[in-house]
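J.: coordinates only, sequence not included:
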């Protein structure tokens, strides 16, 4: 996978209104591995400084499916078809960091996963969620 292909994955994700609304930014992008950060903002909390489950799920899903997209052939795209999220700790801090990865890449489906870490003001990380998902690989028309 070329740098240009990886850049297309980032561009495709950040073109989505939801990704922009969440304030997502890519911090790492390599074939089969993605790291995405999202600031913790009051609009997405249910207690001061603690994210609701929905944005935690969203950042995990974006990271996992972007990782799956990073191994697709040129011109292909993908979409989430199934996920399971397990919340293991409160998402409190200044941001959350999701590390997505490919578990098993196939022609029709790619199994992917992401771990989400709450990031404190000093940069320390606490695992707050893990996601296992499946993405449908979509061949260009």
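T.: Received, thanks. Because the structure is a prediction, the values reported are computed rather than measured. Residues are numbered from 1 along each chain as shown.

J.: neighbouring contacts of stretch 25-40?
T.: Identification of contacts with stretch 25-40 by CB atoms under 8 Å, 6 or more residues apart in numbering yields 1, 6-7, 9-10, 13-14, 22-24, 49, 51, 55, 59, 62-63, 66-67, 70-71, 91-102, 105, 118-119. The C-beta positions use only the backbone N, C-alpha and C, and glycine is treated the same way.

J.: of those residues, which belong to strands?
T.: Members of the contacts of stretch 25-40 lying in strands (criterion: DSSP state E): 51, 95, 96, 97, 98, 99, 100, 101, 102, 105, 118, 119.

J.: out of the contacts of stretch 25-40, which are buried?
T.: Buried positions within these, assessed by neighbour count (16 or more other CB atoms under 10 Å), are 1, 6, 9-10, 13, 22-24, 51, 55, 59, 62-63, 66-67, 70-71, 91-93, 95-102, 105, 118-119.

J.: and the helix or strand of the chain with the lowest mean pLDDT, what does it pack onto?
T.: For the chain, counting by mean pLDDT, DSSP states H and E, helix 3-14 ranks last in confidence among helices and strands (a mean of 88). Applying 3 or more CB pairs under 8 Å, 6 or more residues apart in numbering; DSSP states H and E, we find helix 3-14 packed against strand 25-30, helix 53-69.

J.: what's the local residue count around residue 29?
T.: 20 (other CB atoms under 10 Å).

J.: now the one 5 residues further on
T.: Residue 34 sits with 30 neighbouring residues when counted by other CB under 10 Å.

J.: need the three-state assignment for it.
T.: At residue 34 the chain is in strand, as set by DSSP: H, G, I helix; E, B strand; the rest coil.

J.: quick one: it from residue 52, how far?
T.: Distance, residue 34 to residue 52, using CB to CB, to the nearest Å: 23 Å.

J.: mind checking the SS state of residue 19?
T.: The three-state label given to residue 19 by three-state DSSP is helix.

J.: wait, residue 18 sits on residue 58?
T.: Yes: using CB atoms under 8 Å, residue 18 is in contact with residue 58, at 6.8 Å.
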